[in-house]
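Asks: I need the structure of the sequence given here:
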Amino acid sequence: MKRLAIDVRPGEYAVVRLPADAAVPAELFAPGETFVSVTRTPEELSVICPAGREPAGATAAEDGWRLLSVRGPLEFTLTGIIAALASELAAAGVTLFSMSTFDTDHILVRAGDLDDAVTALRDSGHEVALP
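Replies: So this is what the prediction gives:
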């Protein structure tokens, strides 16, 4: 795996589950807002948003996550990025929640595991920038 540049984003995030037929929470998409991700499946509407900004109507929510973003853009031909990061973090006992966008890959780790995650990634040869 090549060396990656990874940015730890400021603040904490929440992972939220809404009913499958819920409206996409437009209030999360204000100009200048930080990272927000919305995914709809036949079973749910999942939202990742800054903690404290969770949309109403959630059927479940977990806050206390920190966001790490691989500095991109990444070519679609690159393989194994999430697999490598997941393996490196798993070896350190750090759980993760991953997602990808057009330009890059992102992972969430529990806030209490952030120091261990940063150490594991740096020990694996990656550059990790803190806010």
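
Asks: next SSE after the longest strand along the chain?
Replies: What stands out as the longest strand in the chain, according to DSSP state E, is strand 60-70. Next in sequence after strand 60-70, counting helices and strands by DSSP states H and E, comes helix 81-91.

Asks: by contact count, what packs against that following helix?
Replies: Contacts defined by 3 or more CB pairs under 8 Å, 6 or more residues apart in numbering; DSSP states H and E place helix 81-91 against strand 96-100, strand 105-110, helix 114-123. Using the backbone N, CA and C atoms, a C-beta is placed for each residue, glycine as well.

Asks: quick check, residue 53 in a strand?
Replies: No. Using DSSP: H, G, I helix; E, B strand; the rest coil, the assignment for residue 53 is coil, not a strand.

Asks: tell me the contacts of the residue lying closest to it once chain neighbours are set aside?
Replies: Leaving out its chain neighbours, the residue that sits closest to residue 53 by CB to CB, 6 or more residues apart in numbering is residue 28, at 6.4 Å. By CB atoms under 8 Å, 6 or more residues apart in numbering, residue 28 lies in contact with 36, 38, 47, 49, 53, 55.

Asks: contacting residues around the fourth one?
Replies: What it means is residue 49. 13, 14, 16, 25, 28, 35, 36, 37, 55.

Asks: note down every partner strand of the host helix or strand of it and its orientation.
Replies: Using DSSP H and E, residue 49 sits within strand 45-50. Strand 45-50 has these partner strands in its sheet, going by DSSP bridges: strand 13-18 (antiparallel), strand 37-40 (antiparallel).

Asks: the ones you listed: which one's closest to residue 61?
Replies: Taking CB to CB, strand 13-18 is the member of those nearest to residue 61, at 4.5 Å.
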